[in-house]
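Asks: below are the sequence and a predicted model; questions follow.
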Amino acid sequence: MAFAASLAQLQAEASCPLCLDYLRDPVTTACGHNFCLSCIHQRWEGLRGTFPCPVCLHHCPDRRLKRNTQLCHMTEIVQQIPTSGSQRKMQEEMPLCGKHREVLTLFCEKRLELLCPQCKGSLDPQDQPLVPMEEAAASQRGMLKRYIGVLTEYLKNSVKVYEYQGANILAVKRKMNTWRNDLDDECNDLKYSLEIEYNEFDNDLLVEENNVEEKLIENGRQISHRMFRLSSRLSEIEEKCLQTDEDLLTGIESIHSSYEHRESPAIFSYKLEKGIFTLPPHYLGLRKMIRTFQADLTLDPETAHPDLLISRNGKQATYWIPDRILNPQARTSYPAVLSSEGFDAGRYFWVVTIGVTGECSLGVCKESFPINTLTSPSPSNGCWTHTFGPSSIPKEIGVFLDYELGEVSFYNLKTCSLLYGITATFTGKLMPYFSIVSSEPLTTSIIRV
């Protein structure tokens, strides 16, 4: 096969690019290309001033040509080389240019296609340079191997997301069971007066649980489908790398296109709406304050730390343990996000739900506070927050801002008790501040009560 290929290339070198036959009375142009004397004269017939080379379009200043006696003798020798039946068969099996019927020995890296030496003259200058087929195959094979590495990482990430969504289904069930237990405790205190409302709320929980579970399962199926497509694409590229140079380079454009249009798996963000039921009298004061001063906040994704995933509706932030390769900025600052709304007067109340376990900091800060930096949040830096540790963090926290009195208060909404209070003198616009850190995914949601 190697001998047949070399012989075919030698015969191509001994052929005229114009008549495609063996060179007759060969001459060489100033740019180094060889033609039959009669062929080049015929091509330049009627031209004046400059004479372009038919192969590279190099402009020759005149019609001066140099006879190539050595090439003439070489052509005569090539014509006399006998070709065996097996060699002729191997030559016939080699890929030929459909236009010029010459062996495909060159590869255009811009157009991603195999070419013969005669095709070079028909290319625009910007399509240059052409590289030998063997060199191009080695380069493309290396690029495909890099694709394999990147796609492997994407597949690993998809597996992680798939497993994470499976864990979310269990988390939803655990959360629903916890809410049912809390509901049972409160309804035991209220006895018969809340029995009807309890049954209605329990039914709502079941409907919501089934709805969220169905969406999470469907999202898992979609991620599984993407994993299958990534696996198929990986297998296709790995198989492509094992093919011969000609087969590898044939259709390589579709491999590049499928790689560039890869998609990352979408994560279904869920929000569990806890129903409202009648509460004992000592709840009414705080609930009235919430209804009177509640602010409808949305998280600003422009201010979010790279480790925080913000939901589309701007109500939920999830701390995602990042892949260090995909997120080199991780762990370089406090993972925080600000609300899109700010306040420079008045009283406002917002409620935050905390999922799983971890550390959470809530409060307000000035617009000028350098969020997501190594600057520690403190009153001296224009940031008034309180941090809740993994063991003491409530499931629902109420934050109340009284701008004129200079107070920020934090409430445990389950017990309707004051957790912590901050007193300061506020100037300028204040932005609600949220920061979460956890050894596992942690979710913070802004809800309406």
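Replies: Sure, I can see it. Residues are numbered from 1 along each chain as shown.

Asks: going by C-alpha atoms from here, please, whenever you check contacts or count neighbours.
Replies: Fine.

Asks: which SS state does Glu341 fall under?
Replies: coil (DSSP: H, G, I helix; E, B strand; the rest coil).

Asks: for it, give me the pLDDT.
Replies: Per-residue pLDDT puts Glu341 at 92.

Asks: wait, isn't it in contact with Leu297?
Replies: Yes. Judged on C-alpha atoms under 8 Å, Glu341 makes contact with Leu297 at a distance of 6.4 Å.

Asks: okay, the two: which has more neighbours?
Replies: Leu297 (20 against 15; other C-alpha atoms under 10 Å).

Asks: which strand or helix spans the more buried one?
Replies: Secondary structure from DSSP states H and E places Leu297 outside every helix and strand.

Asks: what sits against it?
Replies: Neighbour list for Leu297: Lys315, Ser339, Ser340, Glu341, Trp350, Ile446 [criterion: C-alpha atoms under 8 Å, 6 or more residues apart in numbering].

Asks: do the same with Thr29
Replies: With contact set as C-alpha under 8 Å, 6+ apart, Thr29 has these partners: Cys53, Cys60, Arg64, Leu65, Lys66.

Asks: outline the domain layout of this structure.
Replies: For the chain, automatic domain parsing gives the domain ranges 2-124, 135-260, 281-447.

Asks: and those as CSV, adding distance to Ile267?
Replies: Shown next, in CSV, are these (distance: least, C-alpha to C-alpha, whole Å):
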stretch, distance to Ile267
domain 2-124, 36
domain 135-260, 7
domain 281-447, 10
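
Asks: give me phi/psi at Arg347?
Replies: phi -120, psi 140 (degrees, to the nearest 10).

Asks: counting neighbours, what do you get for it?
Replies: 19.

Asks: any stretches of the stretch 201-350 of the chain with poor pLDDT?
Replies: Applying pLDDT under 70 to the stretch 201-350 of the chain picks out residues 262-266, 268, 270-284, 321-333.

Asks: hey, where'd the strands end up in it?
Replies: Assigned by DSSP state E, counting those that start in this stretch, the stretch 201-350 of the chain shows strands spanning 308-310, 316-319, 336-338, 347-354.

Asks: in CSV: those, plus distance to Cys365.
Replies: Shown next, in CSV, are the strands of the stretch 201-350 of the chain (distance: least, C-alpha to C-alpha, whole Å):
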stretch, distance to Cys365
strand 308-310, 19
strand 316-319, 18
strand 336-338, 9
strand 347-354, 14
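
Asks: which stretch among these comes nearest Ala136?
Replies: Set against Ala136 and scored by C-alpha to C-alpha, those come closest in strand 308-310, at 41.7 Å.

Asks: so what pLDDT did Leu170 get?
Replies: At Leu170, pLDDT is 87.

Asks: Gln11 versus that one, what's the distance?
Replies: 71 Å (C-alpha to C-alpha, to the nearest Å).

Asks: same thing with His73?
Replies: 13 Å.

Asks: okay, those two: which has more neighbours?
Replies: In this view His73 and Gln11 are compared by other C-alpha under 10 Å, and Gln11 has more residues nearby, 18 against 12.

Asks: what sits closest to that one if chain neighbours are left out?
Replies: Leaving out its chain neighbours, the residue that sits closest to Gln11 by C-alpha to C-alpha, 6 or more residues apart in numbering is Val78, at 6.7 Å.

Asks: contact partners of the helix or strand harbouring that neighbour?
Replies: Using DSSP H and E, Val78 sits in helix 69-80. Applying C-alpha under 8 Å, 6+ apart, the external contacts of helix 69-80 come out as Leu10, Gln11, Ala14, Tyr22, Leu23, Arg24, Asp25, Pro26.

Asks: go with 7 Å
Replies: With C-alpha atoms under 7 Å, 6 or more residues apart in numbering as the test, helix 69-80 has contacts from Gln11, Ala14, Tyr22, Leu23, Asp25, Pro26.

Asks: so of those residues, which two are at opposite extremes in space?
Replies: Largest pairwise distance in these, by C-alpha to C-alpha, is 16.0 Å, between Gln11 and Asp25.

Asks: list the buried residues in the helix holding Val78.
Replies: The neighbour-count check on helix 69-80 (16 or more other C-alpha atoms under 10 Å) flags Leu71, Cys72, Thr75 as buried.

Asks: about what we covered before: what's the PyMOL syntax to select whichever of the contacts of helix 69-80 are buried?
Replies: Per 16+ other C-alpha under 10 Å, the buried members of the contacts of helix 69-80 correspond to this PyMOL selection:
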select buried, resi 11+14+22+23+25+26
